[in-house]
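S.K.: only geometry, no sequence info:
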């Protein structure tokens, strides 16, 4: 666990030295979600209906922006190879990097989501549901995305290929996340949506770090 926290701290310190990468994803999320109310107009019923899908798709794409840099800099300067040769568990180190990515890309979206939700005239109950779905869903996005980042590491045009690999895997998270908010807004039960998002998170934590670590070893070799 000491190695895990050291990797998280290291990656966060590196991100603080290049804040533009974080701000790019945040500005993308804010701008995309803000354009829809401006384009559609003041039809509050329509805004409330499309809000879950718009916010979740924007969060998904904003998370995707930071994935290409998840392992790239460490791969280029040789740090990733040293981590793989370390006596510490490489899977734990990879999980630390994924956690740092979520803290940088996922957590800020979680904080901004209530403000964005107010633009779509979401009520308090829907906003709480939105926050809970993002809390469960955005870590899954980072975990799944780490596989795409690892598989395309070092490839020319890897960003486009990573998007093709990752986006289909994001669909279940998008469906259950946006579906829970919409169900809450129309008075339906959302227990099933949360159960499925929780199951996806558990499965992602159980398998994705190992798969990403194996893919990274292949890329290094």
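M.R.: Arrived safely, thanks for sending. The shown structure was predicted, so the numbers you read here are calculated from the model rather than taken from an experiment.
S.K.: any idea which element residue 32 lies in?
M.R.: helix 19-40 (DSSP states H and E).
S.K.: Give the rounded mean pLDDT of that helix.
M.R.: Taken as a whole, helix 19-40 has a mean pLDDT of 82.
S.K.: Averaged pLDDT, the helix or strand following it. What do you get?
M.R.: Per DSSP H and E, helix 19-40 leads on to helix 44-65 as the next helix or strand towards the C-terminus. For helix 44-65, the mean pLDDT works out to 87.
S.K.: Quick one: work out the angle between helix 44-65 and helix 19-40.
M.R.: 160 degrees (axes from the mean of the first three to the mean of the last three Cα atoms, to 10 degrees).
S.K.: Let me know the next secondary structure element after helix 44-65.
M.R.: helix 72-77.
S.K.: who touches that following helix?
M.R.: The contact list for helix 72-77 (Cβ atoms under 8 Å, 6 or more residues apart in numbering) reads 14, 79-80, 83, 97, 149, 153-154, 219-220. Every C-beta, even on glycine, is put in place using the N, C-alpha and C of the backbone.
S.K.: 6 Å - rerun?
M.R.: 80, 153 (Cβ atoms under 6 Å, 6 or more residues apart in numbering).
S.K.: Which residues belonging to the helix holding residue 32 are considered buried?
M.R.: Neighbour-count burial for helix 19-40, counted by 16 or more other Cβ atoms under 10 Å, picks out 25-26, 29-30, 32-33, 36-37.
S.K.: and what of stretch 188-202?
M.R.: Quick answer for stretch 188-202 (16+ other Cβ under 10 Å): 190, 193-194, 196-197, 200-201.
S.K.: One more: stretch 167-175?
M.R.: For stretch 167-175, by 16+ other Cβ under 10 Å, it's 167, 169-170, 173-174.
S.K.: Show the average pLDDT along it.
M.R.: Here the average pLDDT along stretch 167-175 is 91.
S.K.: Residue 88: what secondary structure?
M.R.: Assigned by DSSP: H, G, I helix; E, B strand; the rest coil, the conformation of residue 88 is coil.
S.K.: Would you mind measuring from it to residue 156?
M.R.: 31 Å (Cβ to Cβ, to the nearest Å).
S.K.: Repeat that for residue 135.
M.R.: 36 Å.
S.K.: Which of those two has more residues huddled nearby?
M.R.: residue 135 (15 against 7; other Cβ atoms under 10 Å).
S.K.: Check which helix or strand that one maps to.
M.R.: helix 124-151.
S.K.: Export the buried residues of stretch 167-175 as TSV, with columns for distance to residue 108 and secondary structure.
M.R.: Compiled in TSV, the buried residues of stretch 167-175 are given as follows (distance: Cβ to Cβ, whole Å; DSSP: H, G, I helix; E, B strand; the rest coil):
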residue	distance to residue 108	secondary structure
167	21	helix
169	23	helix
170	19	helix
173	18	helix
174	19	helix
